[in-house]
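Asker: have a look; sequence and predicted model below, questions after that.
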Amino acid sequence: MIRIGGGVLCAGNTVHDILVRPVDTLIFDQTVWVDDIHASLGGNGANTSFVLARLGVKTRLASIAGKDEWGDQVLAILSEAGVDVSSVMRSELPTATTVVLVRSDGARAFFHRPGSAGADFPIEFPAGYSHFHFGNIFALPLFRSRAGEIMANARKAGFTTSLDAGWDSRGEWAKVIDPALANTDILFVNRDEAFRLSGGEDPDYFLQRGVRMVVAKLGAAGCAIYSAGERVAVPGFPVSVVDTTGAGDCFAGGFLAALAREMTIAEAARFANAVGALNVQHLGSVGGVLSFEQTREWLAGK
């Protein structure tokens with residue numbers, strides 16, 4: 001059992017999202033009327049830190065945003081949720097921005113400008129925090145070659161660790177992630193990511209390389225957790241899907257928050273499934289995240 005005591009230090013990208021829904025076809029040279037155009041917090045690091053703080057976990061974010069209005073907006077959202085943003089640097093580059101086209105069934109297409117995500121920022125391990133989570137190192141170009149070093153530094157500082165794989169638009173996959181696995185306690189990965197990282201869906205690939213726990217995110221089917229000699233499968237919740245943006249980040253934040261509350265693995269998996277299910281019923285990466293008690297109340301009715 002992996003214990004998460006104290007606070008959580010998150011690292012990863014911070015993004016300003018602009019979501020448009022519904023977009024079922026792209027038609028150029030014409031005006032298409034839609035129901036919603038919505039600005040939201042985005043970015044794997046920012047999303048997960050928001051979820052953790054919203055669920056009552058002491059959380060600090062190490063990231064970077066531009067010195068622009070959108071950077072001000074996303075940092076204000078994080079601060080209001082309770083995230084310590086003192087380790088978020090500001091860049092002369094514009095804040096990373098994604099336009100998200102959301103289909104009627106919740107599927108998405110992303111148009112991303114990396115902006116400030118292409119700049120460097122320090123990752124330090126302050127007192128008062130005991131767990132380190134990195135959300136999608138692929139999204140930060142300058143960090144791709146440093147994954148192993150960063151996770152090793154976290155371990156040397158006495159932190160337990162987790163890594164959410166994310167999507168690699170450059171297709172380098174295992175070249176980036178493999179050096180980090182020996183110092184990763186918890187690896188979050190979906191089916192597509194697992195296949196591209198390992199050539200299959202066998203969690204033993206990751207366990208044999210030093211990961212203590214593999215948490216497989218299975219979308220509507222829920223999740224499966226693998227560790228040495230143990231497998232726990234927990235079904236998802238049937239809900240009406242509006243937008244799946246941020247669902248994986250919400251799940252990861254929910255799982256870590258549940259471990260911080262000393263829930264069992266099965267309880268943490270069910271709680272994380274609930275956090276993700278609540279969020280996909282709303283537009284935006286964190287639009288449906290509730291407090292810990294509100295989430296527990298929703299679960300009690302299931």
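Answerer: Nice, I can see it. These numbers come from a predicted model, not from an experiment.
Asker: neighbours around D204, how many?
Answerer: For D204, the neighbour count with other C-beta atoms under 10 Å is 12. For the C-beta atoms, the positions are set from N, CA and C on the backbone; glycine is no exception.
Asker: quick check: closest non-adjacent residue to L61.
Answerer: Closest residue to L61 apart from its sequence neighbours, by C-beta to C-beta, 6 or more residues apart in numbering: S49 at 4.2 Å.
Asker: tell me how many other residues surround that neighbour.
Answerer: S49 has 35 neighbours, counted by other C-beta under 10 Å.
Asker: what about it, which SS state?
Answerer: Look at S49: counting by DSSP: H, G, I helix; E, B strand; the rest coil, its state is helix.
Asker: can I assume it is in contact with L75?
Answerer: No - S49 is beyond contact range of L75, at 11.3 Å (criterion: C-beta atoms under 8 Å).
Asker: tell me the SS of R146?
Answerer: Per three-state DSSP, R146 ends up helix.
Asker: so how far is A152 from it?
Answerer: Separation of R146 from A152 (C-beta to C-beta, to the nearest Å): 10 Å.
Asker: ok, now V74?
Answerer: 30 Å.
Asker: more neighbours: which of those two?
Answerer: V74 (28 against 16).
Asker: wasn't the more buried one part of a helix?
Answerer: Yes - assessed by three-state DSSP, V74 belongs to a helix.
Asker: pick out the residue nearest the middle of the chain.
Answerer: Nearest to the geometric centre of the chain sits D249, at 2.8 Å (C-alpha atoms, centre = their mean).
Asker: which ones are touching the closest residue to that one other than its chain neighbours?
Answerer: Closest residue to D249 apart from its sequence neighbours, by C-beta to C-beta, 6+ apart: N47 at 3.7 Å. Counting by C-beta atoms under 8 Å, 6 or more residues apart in numbering, N47 touches 41, 135, 246, 249-250, 253, 285-286.
Asker: pLDDT score assigned to N47?
Answerer: What the model reports as pLDDT for N47 is 98.
Asker: next: the one 5 residues further on.
Answerer: pLDDT for L52: 98.
Asker: do the same with H131
Answerer: pLDDT, H131: 98.
Asker: now A228
Answerer: 88.
Asker: residues in contact with it?
Answerer: A228 is in contact with 207, 212, counting by C-beta under 8 Å, 6+ apart.
Asker: list the contacts of I4.
Answerer: By C-beta under 8 Å, 6+ apart, I4 lies in contact with 130-131, 160, 256, 259-260.
Asker: what of N279?
Answerer: Contacts for N279 (C-beta under 8 Å, 6+ apart) come out as 246-247, 250, 285-289.
Asker: any idea how far the residue lying closest to S130 once chain neighbours are set aside is from K175?
Answerer: Spatial nearest neighbour of S130, chain neighbours left out: G6 (3.5 Å); criterion: C-beta to C-beta, 6+ apart. Distance, G6 to K175, using C-beta to C-beta: 33 Å.
Asker: does G5 touch S130 like I think?
Answerer: Yes - using C-beta under 8 Å, G5 is in contact with S130, at 5.3 Å.
Asker: can you give me the helices for the protein?
Answerer: Assigned by DSSP state H, the helices in the chain fall at 44-54, 69-81, 147-156, 174-181, 191-198, 204-207, 247-260, 265-279, 292-300.
Asker: now the second one: buried residues?
Answerer: The neighbour-count check on helix 69-81 (16 or more other C-beta atoms under 10 Å) flags 70-71, 73-75, 77-78, 81 as buried.
Asker: what is it packed up against?
Answerer: Packing partners of helix 69-81 (3 or more C-beta pairs under 8 Å, 6 or more residues apart in numbering; DSSP states H and E): strand 15-21, strand 36-42, helix 44-54, strand 59-66, strand 88-91.
Asker: show residues contacting that helix.
Answerer: 14-16, 39, 41-43, 46, 49-50, 53-54, 61, 65, 85, 88, 90, 94-95, 97, 116.
Asker: give me the angle between that helix and strand 59-66.
Answerer: Interaxial angle, helix 69-81 versus strand 59-66 (axes from the mean of the first three to the mean of the last three C-alpha atoms, to 10 degrees): 170 degrees.
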